[in-house]
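1. got a predicted model here, sequence first, then my questions.
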Amino acid sequence: MTGALAAAALTVMHFVHSGWPLANADPVLVSAAGILFLFAYAFKAWGWQRLFTEDERPEALTLAAAGGAASVGGVALPGRFDEAIRIAVVRRGPGKKTAGIGAICLTLIIVGLLDSAALTPMASVAAAGSGSGGVQVGFALVAASSSCSSRASRACRSSAAGRWAAGCRSTRLAGAPPRRRGS
């Protein structure tokens, strides 16, 4: 509690001395950006929901809450704790509790690959349009890693392991015993 109050006091002092960052922004554009962000957030939760099989699909609102909790927790916690927060909220949130940890983790990996593929064009344009060499290198690295991850996912689908994983149901990955050959 004391730490939160100290952080709030430091934040207020920062804005008193340096001013509000959006003081000169166009309110219409800021509102439009906020509305687009909310639509994108809802669309991402809906898309994440579609990655689960129908019998174990969590509610879209639960997935949106998991994303929000991970965003807030990702600011305060180090590393990939945001993914652990997502998993905990989906497992303990309201609605169906049939999705296993394996299924949730697999869908999080797929959502991460989709996010990475979505960043490729934006990072490429930003790298080309930037005037600073360091910024160009940073955006070029983001674009290259996004491109590599999409190529890796395509290569995985064509391999034997990729075909096996695509044929598996997420319930099997979530802890159900694998079928034995010949039975």
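-> Alright, I've got the coordinates. Since the structure is predicted, the reported quantities are computational estimates derived from the model, not experimental observations.

2. who are the contact partners of F81?
-> Contact analysis of F81 by C-beta atoms under 8 Å, 6 or more residues apart in numbering lists 73-74. All C-beta spots, glycine's among them, are computed from the backbone N, C-alpha and C.

3. these two touch, right, R91 and I101?
-> Yes. Using C-beta atoms under 8 Å, R91 makes contact with I101 at a distance of 7.1 Å.

4. show me the helices in this structure, by range?
-> 2-18, 27-50, 60-76, 81-92, 101-129, 133-158, 160-167, 170-173 (DSSP state H).

5. for the protein, give me the ranges with low pLDDT.
-> Scanning the chain with the threshold set as pLDDT under 70 gives 95-97, 146-183.

6. could you chop it up by domain?
-> If you go by automatic domain parsing, the domain ranges for the chain are 39-99, 100-174.

7. now those domains as CSV including distance to T11?
-> Shown next, in CSV, are the domains of the chain (distance: least, C-beta to C-beta, whole Å):
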stretch, distance to T11
domain 39-99, 12
domain 100-174, 27
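
8. out of these, which one sits most buried?
-> domain 39-99 (a mean of 16; mean count of other C-beta atoms under 10 Å).

9. now it, how far from the centre of its chain.
-> Put simply, domain 39-99 sits 9 Å off its chain's centre (C-alpha atoms, centre = their mean, to the nearest Å).

10. can you tell me how far the residue most central in space within the chain sits from L141?
-> Note on the chain: the residue nearest the mean C-alpha position is G112, at 5.6 Å, using C-alpha atoms, centre = their mean. As judged by C-beta to C-beta, to the nearest Å, G112 and L141 stand 17 Å apart.

11. my guess is P94 contacts L63. True?
-> No. Assessed by C-beta under 8 Å, P94 is found out of contact with L63, at 11.5 Å.

12. contact partners for I104?
-> 86-87, 90-91.

13. now those residues as JSON lines including distance to S31?
-> Shown next, in JSON lines, are those (distance: C-beta to C-beta, whole Å):
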{"residue": "R86", "distance to S31": "28"}
{"residue": "I87", "distance to S31": "33"}
{"residue": "V90", "distance to S31": "31"}
{"residue": "R91", "distance to S31": "35"}
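
14. and which of those is nearest E54?
-> V90 (16.2 Å; C-beta to C-beta).

15. residues contacting the closest one?
-> V90 touches 58, 62-63, 66, 99, 104, counting by C-beta under 8 Å, 6+ apart.

16. any idea which of the domains of the chain gets closest to A7?
-> domain 39-99 (9.5 Å).

17. wait, A143 sits on S130?
-> No. Between A143 and S130 there is no contact under C-beta under 8 Å: 12.0 Å.

18. tally of neighbours for W20?
-> 9 (other C-beta atoms under 10 Å).
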